[in-house]
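S.K.: compute the structure for the input listed below.
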Amino acid sequence: MLSYTQTTLQKLEELLRIKNYKIRYEKGNFKSGTCTLLQDKILVVNKFSDLEVKINSIAELTASLDFSVVVLNEKQKKFLYLIKQTKLDL
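M.R.: Here you go, the predicted structure:
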């Protein structure tokens with residue numbers, strides 16, 4: 001189970017940075033999502049969403065990515081395993 005803390009959000013952001021994603025927190029009336037623009041992987045998160053929604057949005061993307069060719073330290077591997085085992089209810 002993921003805890004909804006700022007630390008969890010930072011760990012998720014770090015995993016996405018390892019996969020070369022840029023994370024942008026923007027204001028607006030939209031749901032968070034990803035896009036690829038000219039080879040740039042960008043995740044746009046609504047900056048006015050509460051912490052739980054931000055974490056769930058980023059965790060959903062992170063769980064779907066393949067990290068098999070990326071070198072992760074043991075803490076990152078354990079955290080990624082936790083994310084992949086967590087069923088998210090969005």
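S.K.: C-alpha only now, for contacts and for neighbours.
M.R.: Fine.
S.K.: residues contacting the spatially most central residue of the chain?
M.R.: What sits nearest the mean C-alpha location of the chain, by Cα atoms, centre = their mean, is Ile58, with 2.7 Å. By Cα atoms under 8 Å, 6 or more residues apart in numbering, Ile58 lies in contact with Leu12, Glu13.
S.K.: now it: which helix or strand?
M.R.: Per DSSP states H and E: Ile58 is located in helix 51-64.
S.K.: give me the buried positions along the next helix-or-strand element following that helix.
M.R.: With elements assigned by DSSP H and E, the helix or strand that comes after helix 51-64 is helix 74-85. Of all the residues in helix 74-85, those buried under the rule 16 or more other Cα atoms under 10 Å are Phe79, Leu80, Ile83, Lys84.
S.K.: closest one to Lys19 out of those residues, please.
M.R.: Leu80 (12.7 Å; Cα to Cα).
S.K.: that closest one and Ala63 touch, don't they?
M.R.: Yes. Using Cα atoms under 8 Å, Leu80 makes contact with Ala63 at a distance of 7.5 Å.
S.K.: what residues of the helix holding Ile58 count as buried?
M.R.: So, applying 16+ other Cα under 10 Å, buried residues of helix 51-64: Val53, Lys54, Ile55, Asn56, Ser57, Ile58, Ala59, Glu60, Thr62, Ala63.
S.K.: per-residue confidence for the fifth one?
M.R.: The predicted structure scores Ser57 at 87 on the pLDDT scale.
S.K.: let me know how buried Tyr21 is, in neighbour terms.
M.R.: 18 (other Cα atoms under 10 Å).
S.K.: what's the local residue count around the closest residue to it other than its chain neighbours?
M.R.: Leaving aside its sequence neighbours, Tyr21 sits nearest to Lys41 (Cα to Cα, 6 or more residues apart in numbering; 4.8 Å). Residues lying near Lys41 (other Cα under 10 Å) number 17.
S.K.: right, I'll leave it there.
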